[in-house]
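Colleague: Please find the sequence and the predicted model below.
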Amino acid sequence: QVQLVESGGGLVQAGGSLRLSCAASGRTVTYTMGWFRQAPGKERDFVASITWRGDNTGYADSVKGRFIISRDNAKNTVYLQMNSLKPGDTAVYYCAAAQAGSTWSGGYWGQGTQVTVSS
């Protein structure tokens, strides 16, 4: 069984930075890891993903050039460095893990961490 625990959320002014962490228990070294976010009244959207070797990353257009996803397999942790934050980035951010070739909905999810960006 895999459990994911996010941390690092909070309140930040526009233009600021935050780094989210997702600590995984269980064997997730070979899993693709991702970050999603859900703003109030909206659907959960993809933000970024990283393969288990860390050699392939993907980003939503809205965060390209501002967010960086990384992972440390020795620590079973994935990170999301968020720079140049905008009020539109305000959302609950969720960490997810999925086996290669599987869908995110069939994987594991954390409980989420709130990120609020003030203007």
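Modeller: Happy to help now that I have it.

Colleague: What is the neighbour count of Ala74?
Modeller: Residues within reach of Ala74, counting by other Cβ atoms under 10 Å, total 7. Quick note: C-beta positions are derived from backbone N, CA and C, even for glycine.

Colleague: so how far is Ala100 from it?
Modeller: 20 Å (Cβ to Cβ, to the nearest Å).

Colleague: now Ser21
Modeller: When Ser21 is compared with Ala100 (using Cβ to Cβ), they lie 22 Å apart.

Colleague: quick one, which of these two is more surrounded?
Modeller: The neighbour comparison of Ser21 against Ala100 (other Cβ under 10 Å) goes to Ser21, with 17 against 9.

Colleague: tell me the secondary structure for that one?
Modeller: Judged by DSSP: H, G, I helix; E, B strand; the rest coil, the three-state class of Ser21 is strand.

Colleague: what bridges to it?
Modeller: Applying DSSP bridges to Ser21 gives these bridge partners: Ser7, Tyr79.

Colleague: Quick check, it in contact with Ser7.
Modeller: Yes - the pair Ser21 / Ser7 is scored as a contact, 5.1 Å apart, by Cβ atoms under 8 Å.

Colleague: Could you measure from the most centrally placed residue in the chain over to Gly41?
Modeller: For the chain, the residue nearest the mean C-alpha position is Trp35 (2.5 Å; Cα atoms, centre = their mean). Separation of Trp35 from Gly41 (Cβ to Cβ): 20 Å.

Colleague: again, but for Thr51
Modeller: The gap separating Thr51 from Gly41 is 32 Å, by Cβ to Cβ.

Colleague: More neighbours: which of the two?
Modeller: Neighbour count, other Cβ under 10 Å: between Thr51 and Gly41, Thr51 has more, with 15 against 5.

Colleague: which stretches of the protein form strands?
Modeller: 3-7, 10-13, 18-25, 31-38, 44-50, 57-59, 67-72, 77-82, 91-99, 108-109, 113-118 (DSSP state E).

Colleague: For my notes, please list those strands in JSON lines and give mean pLDDT for each entry.
Modeller: Converted to JSON lines, these look like this (pLDDT from 0 to 100):
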{"stretch": "strand 3-7", "mean pLDDT": "96"}
{"stretch": "strand 10-13", "mean pLDDT": "98"}
{"stretch": "strand 18-25", "mean pLDDT": "96"}
{"stretch": "strand 31-38", "mean pLDDT": "96"}
{"stretch": "strand 44-50", "mean pLDDT": "97"}
{"stretch": "strand 57-59", "mean pLDDT": "97"}
{"stretch": "strand 67-72", "mean pLDDT": "97"}
{"stretch": "strand 77-82", "mean pLDDT": "97"}
{"stretch": "strand 91-99", "mean pLDDT": "96"}
{"stretch": "strand 108-109", "mean pLDDT": "96"}
{"stretch": "strand 113-118", "mean pLDDT": "98"}
